[in-house]
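>>> Below: sequence and its predicted model.
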Amino acid sequence: MKAILSTLTLSLLAVPAFAVDTTQTYNSGILVLLFVGFCALIIVAQLVPAVLALFGLTKEVAQNSRKTATEKN
């Protein structure tokens, strides 16, 4: 009971943390944002074919396992 009360007291009386104002710390321009966006576009463009290949591979493995299961019966 003492632990619950002390936890409740500390959580209610704790001073909230103040976040940093990003307008003062972020001073990069639009070119930096465009560069980061272009890098993200490259990553996404490489992920799409990889995911499609993964789905195709798993589909092929599932079909082959079904074929071998029907051949055994």
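Received, thanks. Residues are numbered from 1 along each chain as shown.
>>> Which parts of this protein are strands?
With DSSP state E, there are no strands along the chain.
>>> Would you mind finding the longest helix in it?
helix 30-72 (DSSP state H).
>>> Find the least confident helix or strand in this structure, judged by mean pLDDT.
helix 22-25 (a mean of 62; mean pLDDT, DSSP states H and E).
>>> re the thing from before, from the chain's centroid, how far away is the longest helix of the chain?
With C-alpha atoms, centre = their mean, to the nearest Å as the basis, helix 30-72 stands 16 Å off its chain's centre.
>>> ok, now stretch 62-73?
That offset, for stretch 62-73, works out to 36 Å (C-alpha atoms, centre = their mean).
>>> What's the mean pLDDT across it?
Per-residue pLDDT values over stretch 62-73 give a mean of 81.
>>> Dump it to CSV, keeping only the CA atoms.
Extracted in CSV, the C-alpha atoms of stretch 62-73 (Å, rounded to 0.1, in the frame of the first residue of the first chain):
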residue,chain,number,x,y,z
ALA,A,62,3.5,-23.4,-50.9
GLN,A,63,2.4,-24.7,-54.3
ASN,A,64,5.4,-27.2,-54.4
SER,A,65,4.5,-28.4,-50.9
ARG,A,66,0.9,-29.0,-52.0
LYS,A,67,2.1,-30.9,-55.1
THR,A,68,4.3,-33.2,-53.0
ALA,A,69,1.6,-33.7,-50.4
THR,A,70,-0.9,-34.8,-53.1
GLU,A,71,1.7,-37.1,-54.8
LYS,A,72,2.3,-38.9,-51.5
ASN,A,73,-1.5,-39.6,-51.0
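>>> Buried residues, it. List them.
For stretch 62-73, burial by neighbour count (16 or more other C-beta atoms under 10 Å) applies to no residue. In short, each C-beta sits where N, CA and C put it, glycine included.
>>> Tell me which residues are up against that stretch.
Stretch 62-73 is contacted from outside by no residue at all, using C-beta atoms under 8 Å, 6 or more residues apart in numbering.
>>> how close does Leu33 get to Thr70?
55 Å (C-beta to C-beta, to the nearest Å).
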